[in-house]
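>>> here is a sequence with its predicted model. Questions after.
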Amino acid sequence: MNENSLDDLIPKDRQPKERLLLLGAEMLTDLELISLLLAQGSEDKNVLELSGELLNEAGSLRELRMMSLEEMSQIKGISADKGARVLAGLELGKRASLEDKRFMPLINSTQDVLELMADEMRSLENETVKLLLLNSKHRLIHITTISFGGVNYSSAHPREVYKAAVKFAASGLILVHNHPSGDFLPSEKDITITRRLVEAGEIMGIPLLDHIIIAETGYYSFSEENIIKY
């Protein structure tokens with residue numbers, strides 16, 4: 001049995017190339033996109049089945065990008081040529097993502113943060129702390145969740161905050177969290193955490209620019225209240 005015969009058995013309306021032409025690349029699943037990079041299946045698996053095995057072996061797209069060509073080639077049916085095409089495609093996606101960061105929103109005020117985050121934070125039932133990482137031009141690099149607590153509790157340890165800041169080479173930070181209770185005024189814990197992060201930022205050279213509490217009834221900005229100054 002040759003390599004392509006099983007691929008020929010895939011119904012035309014399920015073939016990734018046909019679906020891409022009809023619907024556009026953005027409508028394809030991860031599995032279908034990987035199958036287009038592999039181009040063909042193996043002796044005992046069609047290209048979609050082989051793609052599924054590769055993705056399952058990796059665990060996620062992020063882990064797939066981190067696999068070596070040698071690791072991919074250990075999967076039966078993944079030749080060096082197929083693995084190289086997958087790695088090349090994933091690397092192009094990574095580079096395109098890095099270029100996209102130039103178009104991330106400019107964060108120059110509390111209102112900019114509220115426009116970006118308020119709806120999401122007010123929809124959360126549990127108190128959640130998110131961190132906005134900014135570059136030296138105040139453009140958003142990344143948003144990460146620092147902690148997810150109970151209805152009335154959450155914390156943000158400086159170690160976790162600045163671990164993320166260093167990882168993404170941030171030049172400034174904005175902490176955002178919600179109060180599901182509806183009261184936007186800071187608790188003693190909120191004030192303590194903020195002071196610790198300000199001190200850590202001075203040591204690290206990556207300042208905390210603001211800490212914003214968002215609730216159904218309004219918001220509280222430590223920067224607007226002049227508790228955080230930079």
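Received, thanks.
>>> so what pairs up with L140 in the strands?
When assigned by DSSP bridges, L140 has beta-bridge partners L134.
>>> what about it, how many neighbours?
19 (other CB atoms under 10 Å). (Each C-beta comes from the backbone N, C-alpha and C, glycine too.)
>>> what distance do you get for it to A156?
According to CB to CB, to the nearest Å, L140 and A156 sit 18 Å apart.
>>> list the contacts for H179?
Each residue near H179 by CB atoms under 8 Å, 6 or more residues apart in numbering is listed here: E127, I213, I214, A215.
>>> test for you: state the pLDDT assigned to the closest residue to D183 other than its chain neighbours.
Leaving out its chain neighbours, the residue that sits closest to D183 by CB to CB, 6 or more residues apart in numbering is A215, at 6.1 Å. Per-residue pLDDT puts A215 at 94.
>>> ok, how many other residues are close to A215?
Taking other CB under 10 Å as the criterion, the count of residues near A215 is 19.
>>> now swap in D13 and tell me
8.
>>> related to what we said a few turns ago, quick check on the residue nearest to D183: phi, psi?
With angles defined as degrees, to the nearest 10, A215 sits at phi -140, psi 170.
>>> am I right that it is in contact with S187?
No: look at A215 against S187 with CB atoms under 8 Å: they stay out of range, at 11.9 Å.
>>> now do the SS call for the closest residue to G218 other than its chain neighbours.
The shortest distance from G218 to any non-neighbouring residue, by CB to CB, 6+ apart, is to F184 (4.7 Å). Using DSSP: H, G, I helix; E, B strand; the rest coil, the structure places F184 in coil.
>>> isn't F184 right next to T217, touching?
Yes: here F184 reaches T217: they are 5.8 Å apart, a contact under CB under 8 Å.
>>> may I ask which helix or strand of this structure has the lowest mean pLDDT?
Ranking every helix and strand in the chain by mean pLDDT, DSSP states H and E puts helix 5-8 at the bottom, with a mean of 69.
>>> mind listing what's buried in whichever helix or strand comes after that one?
Following helix 5-8 in sequence order, the next helix or strand is helix 16-23 (DSSP states H and E). By neighbour count, with 16 or more other CB atoms under 10 Å as the criterion, the buried positions of helix 16-23 are P16, R19, L20.
>>> cool, stretch 66-79 as well?
With the criterion 16+ other CB under 10 Å, stretch 66-79 contains buried residues M67, M72, S73, I75, G77, I78.
>>> ok so the second one is a helix residue?
Yes: remark: M72 belongs to a helix, assigned using three-state DSSP.
>>> pull the contacting residues for the residue nearest to it when sequence neighbours are not counted.
Using CB to CB, 6+ apart and skipping the chain neighbours, the partner closest in space to M72 is G83 (3.6 Å). In this structure, G83 makes contact with L69, M72, S73, judged by CB under 8 Å, 6+ apart.
>>> let's see it at 10 Å
G83 sits next to L37, L38, L54, M67, S68, L69, E70, E71, M72, S73, Q74, I75 when contact means CB atoms under 10 Å, 6 or more residues apart in numbering.
>>> where's it, which helix or strand?
Element membership for G83 (DSSP H and E) is helix 80-100.
>>> pull out the buried residues from that helix.
With the criterion 16+ other CB under 10 Å, helix 80-100 contains buried residues K82, G83, R85, V86, L87, G89, L90.
>>> per-domain residue ranges of this structure.
Described in terms of automatic domain parsing, the domain architecture of the chain consists of the residue ranges 5-101, 110-221.
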